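Enquirer: Turn this into a model:
(chains A, B, C and D)
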Number of protein chains: 2
Amino acid sequence: MRGATGFTFVSFILKVVRMIRGRVKITDIAHELGVSTSTVSRALSNEGRISEKTRTSVVELAKKWGYKPNPFAINLLKKQSKNIGLVLPEFTHHYFSKVLSGINKVMDEKGYHLFVNVHEGRLEQEVKAVNILNDMRVDGIIASHARATSDFSHYLDLIEDDVPVVFLDRICEDLDTSYVVTDDFPGCLKAIDHLVETGHRKIAHVAGPEGLSTGFVRLTGYKEGLKVHGLEFEERRVLASESAEWKEKLSALMHAEEVDAVFCFNDYLAFETVEVIKSCGKRIPDEVAVVGFADEPVATFMTPKLTTIMQPAEQMGRRAAEMLIWHIENPDEMDFLCESLPTELVMRESTRKWVH
Amino acid sequence: MRGATGFTFVSFILKVVRMIRGRVKITDIAHELGVSTSTVSRALSNEGRISEKTRTSVVELAKKWGYKPNPFAINLLKKQSKNIGLVLPEFTHHYFSKVLSGINKVMDEKGYHLFVNVHEGRLEQEVKAVNILNDMRVDGIIASHARATSDFSHYLDLIEDDVPVVFLDRICEDLDTSYVVTDDFPGCLKAIDHLVETGHRKIAHVAGPEGLSTGFVRLTGYKEGLKVHGLEFEERRVLASESAEWKEKLSALMHAEEVDAVFCFNDYLAFETVEVIKSCGKRIPDEVAVVGFADEPVATFMTPKLTTIMQPAEQMGRRAAEMLIWHIENPDEMDFLCESLPTELVMRESTRKWVH
DNA sequence: TACCGTCATACAATCGTTTGCTCAACAGGG
DNA sequence: CCCTGTTGAGCAAACGATTGTATGACGGTA
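Expert: I've put the predicted structure just below:
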């Protein structure tokens, strides 16, 4: 109690009383005032016919005694909790922590509470997380599934129980749900456009995981980008980052002067790509340009600073949260909301200057 | 329902039934089996004397019908929810997302659920978060308060309601609670030791926020480190990162050859410091060495890679979670647990090589 | 047969709110 | 004076589980 706020004798007594009988409940107030619990309840919620006099006395005593409604009782009665569940791959990637921030802001504004769960990319953990949230009777779930997930029956359980689900970033085509994703494909075109327009022709791609839908989309976007500019697609210029020897292969292409630009699946791979390029003695961006994807912090910390495609992570979170709340508050609406948020080219030092 | 798992006619009927009467509850099972709810409850929880025959039939029907206990009812009765609240500055700093991961792992193992809240450094949001969590009747709270927080009465409310609180990283000396912090002071000594032993004498410090306890501790550690090695402390070599002109001042010291090493409050400041040093045309680590604090990802992405003091973020989270659970499960124990976790020097490229 | 212990199960209270229904009091109009 | 409408407040039934206590059946013993 050192350094605590000021005491009064009355507040001290109140505290002692509270310690003895526990948290104050509606019946305590009713008893003290000689009215019934229903009167207290109606006075507090300010609905139903209540005389001004009664209402005031109830409200005042409730305030004085620090009454707080017991959420468990209310949840039980109302069959909903204003709790929503979140299933994400992890927090340590900046992207998902931004997503979380966005979700959190909306939920906070709307008076919802957030349960977080991570699956760390493992299906088994994802199933566990979804089941826990279902057991807890959350009002809805926002999920970004593990890349390996192909069986979605755990979400099906949820949907059967009429718990709305919104998928984020990673979708399941076999399930009818709302979702929000990034506009990956146009983003890739922007990247290739930029590289071509700053004078590059031999553009390589460091590809993401095959299992992930985004991996496929960005590879396709890369191909389409080449096509748009009348450039030939060359299989050997695609480096599968999941393979062990992609760096060696890139290095070989480098030395053979077979590459003058690299478009990478994400910023971390772009960072590694830059290291490979540097170790080959090539200068960036003069001899080789590099474009990443996502605009993670690494992009501004590395040397040279990375040109990349920004994903609106926080906005993704916000939209997903808004969608979910819409579903929760309009349970009869059976329509699904699908949104694809635009990306943006962020020019930094790993590509040549370009006047738009 | 496209791509869903296999149906049977029976499961279909069960689903329809469930849709009509809602989620199956204990009375449904009791009614179907012609027993009382207490029998079902005891059969399911497997305590109390129950004939094997009854137990089996209850368990089987519960499974068949997909019975899941209603947590709201149980919370109401047991007056606890296995929900715990988390109040952190933010998620987007890698440090706190690691902390969150650590907490999450322990809570997951122990069957607790995590409500997250952020205050973004603002007292007003912190108060709101704590009050919301209190209103929700969480079983306990782990908190890392805003740097400006000096009034802790919102935590006091919690403590009066016997809700255990564990402070993390940032403590409140006026409040009797358990806490876990990092061993900052010895960490600073390690940093200075390393700089001195690799031949530096003119060591500067880029200081953190004055309001933050860690800011003060690291400045003190810096001073003590100098003292240990018989070096004079010079006020002008301390740059207050909160001031607008610290970079200019550092630059001036640099040109005046007044500094041959910089110890920074954290890795982000170290990154900025490195940029200043580079812009002065000095080589790192030959002419000037830099040591950061925290071992954030930026340390490995920047050039040169940063030598820094690692804080065991995930371990902090784990310990805080374990402490909190201990308090929750041993409510009569009034002792407080205080722990200071060790830091570690991570040598990279921003300081000279040093053989231990 | 009367009594008692044991076992399986049922009954009913409880947790803290909300809410539909009932009821009493009072006032106004015919 | 009676009927009716309005107003304020109370009663009691939910919500879905747990759990202390009561009860009934059964078997064994004196």
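Enquirer: Quick check: A:Met347 touching A:His194?
Expert: Yes. At 7.4 Å, A:Met347 and A:His194 qualify as touching, with contact defined as C-beta atoms under 8 Å. All C-beta spots, glycine's among them, are computed from the backbone N, C-alpha and C.
Enquirer: and the two? which has more neighbours close in?
Expert: More crowded of A:Met347 and A:His194, by other C-beta atoms under 10 Å in any protein chain shown: A:His194, with 23 against 17.
Enquirer: Chain A: strands as residue ranges?
Expert: Counting by DSSP state E, chain A has these strands, from start to end: A:83-88, A:113-118, A:140-143, A:165-168, A:178-182, A:203-207, A:238-240, A:261-264, A:289-294, A:307-310, A:338-341, A:344-346.
Enquirer: Quick one: residues contacting the residue nearest the centre of chain A.
Expert: Nearest to the geometric centre of chain A sits A:Val99, at 3.0 Å (C-alpha atoms, centre = their mean). Residues near A:Val99 by C-beta atoms under 8 Å, 6 or more residues apart in numbering or on different chains: A:88, A:144, A:168-169, A:313-314, A:316-317, A:320.
Enquirer: Looking at the stretch 151-300 of chain A, what residue ends up closest to DNA strand D?
Expert: Residue nearest to DNA strand D within the stretch 151-300 of chain A (C-beta to the nearest atom of the strand): A:Asp161, separated by 12.5 Å.
Enquirer: Near that residue, how many other residues are there?
Expert: Neighbourhood size, A:Asp161 [other C-beta under 10 Å]: 15.
Enquirer: What parts of chain A come near DNA strand C?
Expert: Residues of chain A lying close to DNA strand C by C-beta under 7 Å from any atom of the strand are A:22-23, A:25-27, A:37-38, A:41-42, A:44-45, A:47-48, A:67-70, A:73-74, A:76-78.
Enquirer: try it again with 10 Å
Expert: Applying C-beta under 10 Å from any atom of the strand, we find that chain A lies next to DNA strand C at A:21-30, A:36-45, A:47-49, A:62, A:67-78.
Enquirer: Which ones among those map onto helices?
Expert: Of those, the ones assigned to helices by DSSP state H are A:21, A:26-30, A:37-45, A:62, A:71-78.
Enquirer: So which residues of the stretch 101-250 of chain A form helices?
Expert: Taking DSSP state H, counting those that start in this stretch as the test, the helices found in the stretch 101-250 of chain A are A:123-135, A:153-160, A:184-197, A:213-228, A:246-255.
Enquirer: Point out the most buried one among those.
Expert: helix A:184-197 (a mean of 21; mean count of other C-beta atoms under 10 Å in any protein chain shown).
Enquirer: is it possible to export the contacts of A:Val99 to JSON lines including neighbour count?
Expert: Below are these laid out as JSON lines (neighbours: other C-beta atoms under 10 Å in any protein chain shown):
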{"residue": "A:Leu88", "neighbour count": "26"}
{"residue": "A:Ser144", "neighbour count": "25"}
{"residue": "A:Leu168", "neighbour count": "28"}
{"residue": "A:Asp169", "neighbour count": "25"}
{"residue": "A:Ala313", "neighbour count": "25"}
{"residue": "A:Glu314", "neighbour count": "19"}
{"residue": "A:Met316", "neighbour count": "24"}
{"residue": "A:Gly317", "neighbour count": "28"}
{"residue": "A:Ala320", "neighbour count": "28"}
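Enquirer: Point out the least confident member of those residues, please.
Expert: When the contacts of A:Val99 are compared on pLDDT, A:Asp169 comes out lowest, with 90.
Enquirer: mind checking how far that residue is from A:Leu88?
Expert: Counting by C-beta to C-beta, to the nearest Å, the gap from A:Asp169 to A:Leu88 is 9 Å.
Enquirer: Overlap in contacts, these two.
Expert: Common contacts of A:Asp169 and A:Leu88, defined by C-beta under 8 Å, 6+ apart, comprise A:99, A:144.
Enquirer: returning to that earlier point: how much space separates the residue nearest to the centre of chain A from A:Met316?
Expert: 6 Å.
Enquirer: Spit out the residues that contact these two alike.
Expert: Residues touching both A:Val99 and A:Met316 (C-beta under 8 Å, 6+ apart): A:168-169.
Enquirer: Name the nearest of the contacts of A:Val99 relative to DNA strand C.
Expert: When the contacts of A:Val99 are compared for distance to DNA strand C (C-beta to the nearest atom of the strand), A:Ala320 wins out at 29.1 Å.
Enquirer: I'd assumed A:Ile103 was in contact with that closest one.
Expert: Yes. If you go by C-beta under 8 Å, A:Ala320 and A:Ile103 touch, sitting 6.3 Å apart.
Enquirer: overlap in contacts of the two?
Expert: Common contacts of A:Ala320 and A:Ile103 (C-beta under 8 Å, 6+ apart): A:Ile142.
Enquirer: Residue numbers of the stretch 101-250 of chain A in contact with chain B?
Expert: A:101, A:104, A:108, A:113-118, A:132, A:134-137, A:151-153, A:156, A:160-161, A:173-176 (C-beta under 8 Å from any C-beta of the partner chain).
Enquirer: sorry, back to before: ok, and the closest non-adjacent residue to the residue nearest to the centre of chain A?
Expert: Closest residue in space to A:Val99, ignoring its immediate chain neighbours: A:Gly317 at 4.1 Å, by C-beta to C-beta, 6 or more residues apart in numbering or on different chains.
Enquirer: Wait, that neighbour touches A:Tyr95, no?
Expert: No. Counting by C-beta under 8 Å, A:Tyr95 is not a contact partner of A:Gly317; they are 10.2 Å apart.
Enquirer: which of the residues of chain A next to DNA strand C count as buried?
Expert: With burial judged by 16 or more other C-beta atoms under 10 Å in any protein chain shown, the buried subset of the residues of chain A next to DNA strand C is A:24-26, A:28-30, A:39-44, A:62, A:67-68, A:70-72, A:75-76.
Enquirer: quick one: contacts for the closest residue to A:Ala240 other than its chain neighbours?
Expert: In space, and not counting its chain neighbours, A:Ala240 is closest to A:Ala207: 5.3 Å by C-beta to C-beta, 6+ apart. By C-beta under 8 Å, 6+ apart, the residues touching A:Ala207 are A:215, A:218-219, A:238-241, A:265.
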